[in-house]
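Visitor: how would this look folded up:
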Amino acid sequence: MFKHMDNPVISQQFLEEIKNQSSKIIDIDGVKIKTCKNVFPPRSNFSESSEKLYEVFGNLKGVRVLDMGTGTGIQAIQALKNGAQSVIAVDINPTAIACAKENAILNNVADKIQVKESDLFSSLNSEKFDLIIANLPVADFPIEGVVESALYDPGYKLHRRFFREVGNYLNPGGIIIMTHINFKGESDFEEFEAMLNKFGYKVENYIQIDNLGYLWRMYRIKLNN
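Guide: The predicted structure is shown next:
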């Protein structure tokens, strides 16, 4: 059972950076991304794990992708540039939706990415995906606003809701890619993986990095069948 944790100093600091960041265009592996105030940035100390996600995507040729918690749209755009057949990008933050749409235009892929405001799967219909990139919040701490929801998931209720619903949107053999951090110590990954098992999923593999004094795992997850 997940236990409530103290708010990590690094997440508090990063939240302030998000709220106060300036708007500028940066280049990430050939993708031009405009940063937007109150939207998770594509390059930061917290973004190193997101960049590593590309290493566990696998071959995206012909793949239908859902980018959940798209932020600036960086991963949705990268997925298209790496061969994805189609991409739907969703976020609960309306400012992120506007930012992702602007970045899709900036990279000439606005006609290939559907960008929707959505609370998890609420704006989706009967779409099925081969790959779901789940950019869920990583810290168990109370939410005070929509910007905080990019980092905080009190009681990991959002994670549980995600795993209860995600099977309705995965094609057979579909893959989920997501990050988890050991903010609470050595047992954190064990508890996270136990939650996956409870909902019928298993870890196929992961990449682990040491960053900011914590371990970060980029998981590749599939149905346990």
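
Visitor: what helices or strands is the strand or helix carrying residue 75 leaning on?
Guide: Using DSSP states H and E, residue 75 sits within helix 74-81. When contacts are defined as 3 or more C-beta pairs under 8 Å, 6 or more residues apart in numbering; DSSP states H and E, helix 74-81 packs onto strand 31-34, strand 64-68, strand 86-91, helix 94-106, strand 113-117, strand 129-134. C-betas here are computed from N, CA, C, even on glycine.

Visitor: Just send the ones you listed back as CSV, with mean neighbour count too.
Guide: Formatted as CSV, these follow (neighbours: other C-beta atoms under 10 Å):
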stretch, mean neighbour count
strand 31-34, 19
strand 64-68, 26
strand 86-91, 25
helix 94-106, 20
strand 113-117, 19
strand 129-134, 22
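
Visitor: any idea how far the helix holding residue 75 is from the chain center?
Guide: 13 Å (C-alpha atoms, centre = their mean, to the nearest Å).

Visitor: Can you give the contact residues for it?
Guide: 28-31, 33, 42, 50, 53-54, 57, 60, 63, 65, 67, 70, 87, 89, 100, 103-104, 107, 109, 112-113, 115, 131, 133, 135 (C-beta atoms under 8 Å, 6 or more residues apart in numbering).

Visitor: Just want the most central residue of this structure.
Guide: Taking C-alpha atoms, centre = their mean, the centroid of the chain lies closest to residue 135, which sits 1.2 Å from it.

Visitor: Would you check how far apart that one and residue 72 are?
Guide: Residue 135 sits 11 Å away from residue 72, going by C-beta to C-beta, to the nearest Å.

Visitor: Same question for residue 97.
Guide: Distance, residue 97 to residue 72, using C-beta to C-beta: 11 Å.

Visitor: just residue 110 next, same as before
Guide: 14 Å.

Visitor: pLDDT below threshold where in the protein?
Guide: 1-16, 18-19, 43-59, 139-152 (pLDDT under 70).

Visitor: one step back: give me the angle between the helix holding residue 75 and strand 86-91.
Guide: Interaxial angle of helix 74-81 relative to strand 86-91 (axes from the mean of the first three to the mean of the last three C-alpha atoms, to 10 degrees): 180 degrees.

Visitor: Grab the CA positions of helix 74-81 and hand them over as CSV.
Guide: Presented in CSV, the C-alpha positions along helix 74-81 are these (Å, rounded to 0.1, in the frame of the first residue of the first chain):
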residue,chain,number,x,y,z
ILE,A,74,7.4,17.1,-27.3
GLN,A,75,6.8,13.3,-27.0
ALA,A,76,3.9,13.3,-29.4
ILE,A,77,5.9,15.1,-32.0
GLN,A,78,8.9,12.8,-31.5
ALA,A,79,6.7,9.8,-31.9
LEU,A,80,5.5,11.1,-35.3
LYS,A,81,9.0,11.8,-36.4
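
Visitor: in that helix, what's buried?
Guide: Across helix 74-81, burial judged by 16 or more other C-beta atoms under 10 Å covers 74, 75, 76, 77, 78, 79, 80.

Visitor: Same question for stretch 185-201.
Guide: For stretch 185-201, burial by neighbour count (16+ other C-beta under 10 Å) applies to 188, 189, 192, 193, 195, 196, 199, 201.
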